[in-house]
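[1] sequence plus predicted model, see below.
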Amino acid sequence: MDTGRVWDGLVAKHGEVKGFLGGASDNYWASGRATWNNVILSHLLPLGSPTMLEWGAGSGRITKAALETLPEGSTYYAYEPSAAGRELWEKNLAGADAVMLDETALQSLPANLTHIFCFFVMHHMDYDALWDFFGYVNEHLAPGGILLFDYIPITTTIGARFLARKDRSEWPSYIWHPAQIRWMLNLRAPRLTRREMLCDRARWLEVWQRSE
Ligand SMILES: C[S@@+](CC[C@H](N)C(=O)[O-])C[C@H]1O[C@@H](n2cnc3c(N)ncnc32)[C@H](O)[C@@H]1O
């Protein structure tokens with residue numbers, strides 16, 4: 001069946017792409033929608049007229065779900081570091097009211113973002129990448145703005161298994177300890193305070209907020 005969604009490979013080339021870009025299967029896209037509706041959206045409310053940045057958008061499943069529910073007047077940016085990922089996203093989101101950014105465009109965004117969120121990406125981010133991300137958040141989030149991210153913590157069995165799995169050897173996985181995340185955020189983004197932390201057996205979700 002032609003779903004109209006584009007995806008040209010499971011594993012992106014190491015170096016240029018850093019990992020899995022997201023699949024085209026119905027299940028994968030449905031889980032993106034469920035995550036947006038049930039997990040992410042509820043923690044971003046009240047949204048008002050958000051100016052939102054999605055960090056590591058891959059092939060665009062979360063972008064698509066987000067654009068279906070965001071209020072009028074929203075501004076939506078998506079950042080994806082890999083050229084292959086940006087190309088897939090552009091095809092899947094053709095005509096959508098959202099802007100894809102490369103690294104250069106990302107740096108020139110004004111510091112007025114009301115929400116930054118990063119889903120299913122932090123296991124691709126090494127120490128330097130996290131350092132840059134949290135520094136970016138500190139500089140670009142508007143007063144009162146929300147940062148929301150998930151990760152697979154080393155403190156869970158799934159985190160430990162994820163690290164050990166041989167089928168992930170095409171690219172490195174970074175399985176963070178919650179204390180490392182908190183330490184780095186406190187250092188790099190001292191304007192932010194943690195508001196919520198939700199733990200399940202596989203992924204932990206944290207919500208941080210910039211002071212007014
Ligand atoms: C598993 S995909 C998830 C894509 C999307 N967030 C989703 O849930 O469908 C991981 C994405 O993270 C991107 N990525 C890797 N390192 C990154 C970094 N340092 N900053 C932002 N994105 C990164 C990859 O290129 C890839 O598109």
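    Everything's here; your move. Note that this is a predicted model, so its numbers are computed, not measured. Numbers count the residues shown, from 1 in each chain.
[2] use CA for all of it now, contacts and neighbours both
    OK.
[3] host element of Thr114?
    Take DSSP states H and E as the rule and Thr114 turns out to sit in strand 113-118.
[4] parallel or antiparallel, which strands does that strand pair with?
    Strand pairing for strand 113-118, determined by DSSP bridges: strand 51-55 (parallel), strand 141-151 (parallel).
[5] ok, the first one near the ligand or not?
    Yes - figure legend: strand 51-55 in contact with the ligand (CA under 6 Å from any ligand atom); contacting residues Trp55.
[6] touching the ligand at all, the next helix or strand after that strand?
    Next helix or strand after strand 51-55 toward the C-terminus (DSSP H and E): helix 61-69. Yes - contact of helix 61-69 with the ligand (CA under 6 Å from any ligand atom) involves Arg61, Ile62.
[7] where does Leu93 fall, phi/psi-wise?
    Backbone geometry at Leu93, expressed as degrees, to the nearest 10, gives phi -110, psi 20.
[8] got any ranges where this protein has weak pLDDT?
    Low-confidence segments of the chain, defined by pLDDT under 70: 1-20, 165-172.
[9] turn the strands paired with strand 113-118 into JSON lines, columns for mean neighbour count.
    Putting the strands paired with strand 113-118 into JSON lines (neighbours: other CA atoms under 10 Å) gives the following:
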{"stretch": "strand 51-55", "mean neighbour count": "23"}
{"stretch": "strand 141-151", "mean neighbour count": "22"}
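[10] show me the contacts for the residue nearest the centre of the chain.
    Nearest to the mean C-alpha position of the chain, by CA atoms, centre = their mean, lies Cys118 at 2.0 Å. Each residue near Cys118 by CA atoms under 8 Å, 6 or more residues apart in numbering is listed here: Glu54, Trp55, Gly56, Leu148, Phe149, Asp150.
[11] now swap in Ala111 and tell me
    Contacts of Ala111 (CA under 8 Å, 6+ apart): Glu139, His140, Leu141, Ala142.
[12] for Glu87, give its distance to the ligand.
    Plainly put, Glu87 is 11 Å away from the ligand if you go by CA to the nearest ligand atom, to the nearest Å.
[13] which SSE is that residue in?
    With DSSP H and E as the test, Glu87 turns up in helix 83-92.
[14] what does the protein put close to the ligand?
    17-22, 55-58, 60-62, 80-82, 85, 119-121, 124-125, 129.
[15] filter the residues you listed to the buried ones?
    Listed as buried from these are 17-22, 55-58, 60-62, 80-82, 85, 119-121, 124-125; burial here means 16 or more other CA atoms under 10 Å.
[16] go through the helix or strand containing Ala34 and flag the buried ones.
    Element membership for Ala34, per DSSP H and E: helix 26-34. Applying a neighbour-count criterion of 16+ other CA under 10 Å, one finds Trp29, Gly32, Arg33 buried in helix 26-34.
[17] nearest to the ligand, of the residues you listed?
    Looking at these and their distance to the ligand, the nearest is Gly32, at 6.3 Å (CA to the nearest ligand atom).
[18] isn't that closest one right next to Gly60, touching?
    No - with contacts counted by CA atoms under 8 Å, Gly32 stays clear of Gly60, the gap being 9.0 Å.
[19] grab the longest helix from the protein for me.
    Longest helix in the chain by number of residues, with DSSP state H as the criterion: helix 127-140.
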